[in-house]
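> take this sequence and fold it.
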Amino acid sequence: MKLLHTGDLHLGFEVYREENHDYFKPLRYSVDYTIEKNFDLFIIAGDLFDRRDPSAFIQMGFAKEIKRLIDKGIEVLVITGNHDGSPNPERNIHLDIYKELELSGVKVSKRMELLNIKGLNIITVPYPFKRNLFAKDEYKEKTEGEIAIIMNDKIIQGIDLLLEKADKSLPTILVAHLPLLEGTVGEEVYSSFTVDAPVSIEALDRDEFCYIAMGHFHKRQILTSRRFDHPFVYSGSVDRINFGEEIEEKGFFEVEIDKNSKASSFAFVKNPYARSYYSIHLKTDADLEDINWEKVKSSITRVIVYNDMADENLFKKMIDQAKSDALVFAGVEDKRAINDSITRAAFKISISPKEAIEKYLNLNNDQFIKENKDKILGKALEILSDVEHESEK
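Numbering: from 1, shown residues only. Here you go, the predicted structure:
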C-alpha cells in the first residue's frame with residue numbers, strides 16, 4: 001500500500017499582504033504527485049486550514065483538489081489540528097460538510113478513533129484541547145501542568161483501547177497532531193498562542209505500529225523510539241511562514257507499507273512551490289555586488305544592514321531597486337549602532353509587526369517578560385491576526 005503523508009498546510013495563511021498569491025500550489029503539487037504515482041491514500045495530519053472559519057475561496061480551492069483525488073479512487077483522511085479543529089468535538093466545523101455530503105472517499109477525524117482504509121488499520125489522534133478538561137468540575141482545581149498529564153494519559157489509554165479492537169492481521173499506523181517531547185519546535189510557535197502539553201514517543205509507541213504520521217511541528221524531522229525502533233515522522237509544513245524558515249526545505253513524505261511483513265519505508269519529496277524568502281545581508285560595500293536580483297524578483301525580500309556603507313548613494317539605489325523588484329518587499333532591518341546619520345533618514349526603515357514585537361521582547365530586561373517571552377509574542381500575534389481578520393470582513 002502506498003500513501004502520501006502531509007500536514008500543516010495552513011491554507012489561507014497570509015504573509016506581508018501578498019497580492020495574487022496562489023495558496024494552493026503546494027497542495028496542488030502533492031495531489032499531482034499522488035495521482036501520478038497512483039497512491040492509495042492521501043493523509044493530512046492536521047491544520048489543513050489556518051483558521052477554523054476559512055473563507056469560501058479557500059474552502060472551494062481545497063474541495064477542487066480533493067475531488068481530483070476522489071475521481072481517481074484515492075481516499076483522503078484529514079484529522080483536525082489546533083488551527084482548524086474545535087475545542088468541542090461536538091461543535092460543527094467547516095470540514096463537517098464532507099460527512100454530510102456522504103463522500104465515500106473522504107474521512108474527517110475530529111476525535112480519537114480506529115479506521116480501516118483499504119486494509120490498513122489507522123488510529124487517529126486529532127489535536128487535544130486542554131480546555132475540554134478544564135471545563136469539567138472534577139478538573140477545575142487542577143493546574144495546567146496536572147491537566148496536561150491527565151490529558152496525555154487519556155490519549156495513551158485511548159490508543160490501547162483502540163488497538164484492542166484493531167484487526168491483528170492488518171498493518172497499523174498512527175496519525176496524530178501532537179507535540180512530541182523529543183521533537184524540535186519550529187516557527188509555528190510564532191503563529192499560535194496554544195500552550196502545548198508534549199507527550200513522549202516512548203509513551204506513545206506500540207509494537208503494532210509500523211509508521212507514525214505526525215503533524216503540528218513545522219520543522220520536518222524523523223524521531224525514532226528506543227522502545228520499538230519505530231519512526232515518528234513530522235512531514236513539516238508544506239510552505240514557509242517567515243524568514244526563520246528561509247533555508248528549510250518543505251515538502252511531504254511518500255510511504256509504502258508492506259501488508260505481509262507489516263513494515264514501512266518512506267522518503268521525503270521536496271515541494272518546489274514553497275514561498276521563497278530572501279535576506280540580503282549588508283556588512284560591506286562588496287555585499288552590494290553579491291545580491292541575487294533574480295531571487296529578489298521571486299521572493300519575499302528583506303535587507304539587513306550591519307555597518308555603514310562607504311558608497312551611501314549606491315546603497316540607497318539598491319534599496320529603491322529592492323523595493324521595486326521584490327515579489328514582496330518586507331523592509332529594512334537596521335542593526336547599526338544608533339547615531340546621527342543623515343543617510344539613514346533618507347529611506348524608510350520598516351520591519352514586520354512580528355519582528356518589531358520580537359525586538360522589543362529581546363531588548364527588555366524584565367524578568368517576567370524573559371520567562372514568558374514566547375507566550376507574550378504568541379498572544380500579541382493572535383491579537384494582530386484577529387485585527388487583520390476583522391478588517392477583511
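
> contacts only, for the closest residue to Ala274 other than its chain neighbours.
Once flanking residues are discounted, Ala274 sits nearest to Lys250: 4.0 Å by Cβ to Cβ, 6 or more residues apart in numbering. The way it works is simple: take the backbone N, C-alpha and C, and place the C-beta from them, glycine included. With contact taken as Cβ atoms under 8 Å, 6 or more residues apart in numbering, Lys250 is in contact with Pro26, Arg220, Gly236, Ser237, Val238, Asp239, Arg240, Lys270, Asn271, Ala274.

> so Ala63 belongs to a helix, correct?
Yes: secondary structure of Ala63, determined by DSSP: H, G, I helix; E, B strand; the rest coil: located in a helix.

> just confirm Ser264 is within a strand.
Yes: if the criterion is three-state DSSP, then Ser264 is within a strand.

> wait, Leu314 sits on Asp287?
No: in terms of Cβ atoms under 8 Å, Leu314 does not count as a neighbour of Asp287; the distance is 11.2 Å.

> neighbour count winner among these two?
Regarding Leu314 and Asp287, a neighbour count based on other Cβ atoms under 10 Å identifies Asp287 as having more, with 16 against 13.

> from Ile369, how far off is the more buried one?
Noted for Asp287: a distance of 34 Å to Ile369, by Cβ to Cβ, to the nearest Å.

> and for Val296?
When distance is defined by Cβ to Cβ, Val296 is 36 Å away from Ile369.

> the two - which one has more neighbours?
Set Val296 next to Ile369 and count neighbours by other Cβ under 10 Å: Val296 wins out with 21 against 15.

> that one: helix or strand, and which one exactly?
Secondary structure here is read from DSSP states H and E; on that basis Val296 sits in helix 293-297.

> quick revisit: any idea how far the residue nearest to Ala274 lies from Ser324?
Counting by Cβ to Cβ, the gap from Lys250 to Ser324 is 28 Å.

> how about the helix or strand that contains Ala267: buried residues?
With elements taken from DSSP H and E, the one containing Ala267 is strand 263-270. Of the residues in strand 263-270, those buried by neighbour count under the rule 16 or more other Cβ atoms under 10 Å are Ser264, Phe266, Val269.

> ok, stretch 91-98 next?
For stretch 91-98, a neighbour-count test (16+ other Cβ under 10 Å) marks Ile93, His94, Leu95, Tyr98 as buried.

> what about the last one, which helix or strand?
Put plainly, it is Tyr98. Once you assign secondary structure using DSSP H and E, Tyr98 falls within helix 97-100.

> okay, now Glu202: neighbour count?
The local packing of Glu202 (other Cβ under 10 Å) involves 12 other residues.

> thinking again about what came up before, among the buried residues of stretch 91-98, name the ones in strands.
Counting by DSSP state E, the buried residues of stretch 91-98 place none of their members in strands.

> grab the nearest non-local neighbour of Leu95.
Distance criterion Cβ to Cβ, 6+ apart; nearest residue to Leu95, sequence neighbours excluded, is Val108 at 4.5 Å.

> need the pLDDT of the one you found.
In this prediction, Val108 carries a pLDDT score of 91.

> same question for Asp374.
In the prediction, the pLDDT value recorded for Asp374 is 77.

> could you give the backbone dihedrals for it?
Recorded main-chain torsions at Asp374 are phi -60, psi -40, according to degrees, to the nearest 10.

> look up how far Ile357 lies from it.
As for Asp374, its distance to Ile357 is 12 Å (criterion: Cβ to Cβ).

> please say which of the two ends up with more neighbours.
Neighbour comparison, Asp374 and Ile357: the larger count goes to Ile357, with 18 against 14 (by other Cβ under 10 Å).

> list the residues that contact Leu77.
Here Leu77 is in contact with Leu41, Phe42, Ile43, Ile44, Lys107, Ser109, Leu115, Ile117, Ile122, Thr124, Val175 (criterion: Cβ under 8 Å, 6+ apart).

> just checking, what packs against whichever helix or strand the second one is part of?
In the assignment (DSSP H and E), Phe42 maps to strand 41-45. Counting contacts by 3 or more Cβ pairs under 8 Å, 6 or more residues apart in numbering; DSSP states H and E, the secondary-structure elements packed against strand 41-45 are strand 2-6, helix 25-36, strand 75-79, strand 172-177, strand 209-215.

> could you dump these into TSV with mean pLDDT added?
Conversion of the helices and strands packed on strand 41-45 to TSV gives the following (pLDDT from 0 to 100):
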stretch	mean pLDDT
strand 2-6	97
helix 25-36	96
strand 75-79	96
strand 172-177	96
strand 209-215	96
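
> would you turn those into JSON lines with distance to Asp308?
Below are the helices and strands packed on strand 41-45 laid out as JSON lines (distance: least, Cβ to Cβ, whole Å):
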{"stretch": "strand 2-6", "distance to Asp308": "46"}
{"stretch": "helix 25-36", "distance to Asp308": "40"}
{"stretch": "strand 75-79", "distance to Asp308": "53"}
{"stretch": "strand 172-177", "distance to Asp308": "48"}
{"stretch": "strand 209-215", "distance to Asp308": "46"}
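
> okay but Gly46 is in contact with Thr6, surely?
No: between Gly46 and Thr6 no contact is recorded; they are 10.2 Å apart, counting by Cβ under 8 Å.

> any regions of the stretch 51-200 of the chain where pLDDT drops low?
Applying pLDDT under 70 to the stretch 51-200 of the chain picks out residues 85-90, 130-140, 144, 188-196.

> at 80 instead, please
When the per-residue scores of the stretch 51-200 of the chain are filtered using pLDDT under 80, the ranges that remain are 51-52, 84-103, 129-148, 186-197.

> how about the strands in it?
Using DSSP state E, counting those that start in this stretch, the strands of the stretch 51-200 of the chain run over 75-79, 106-109, 113-117, 120-125, 172-177.
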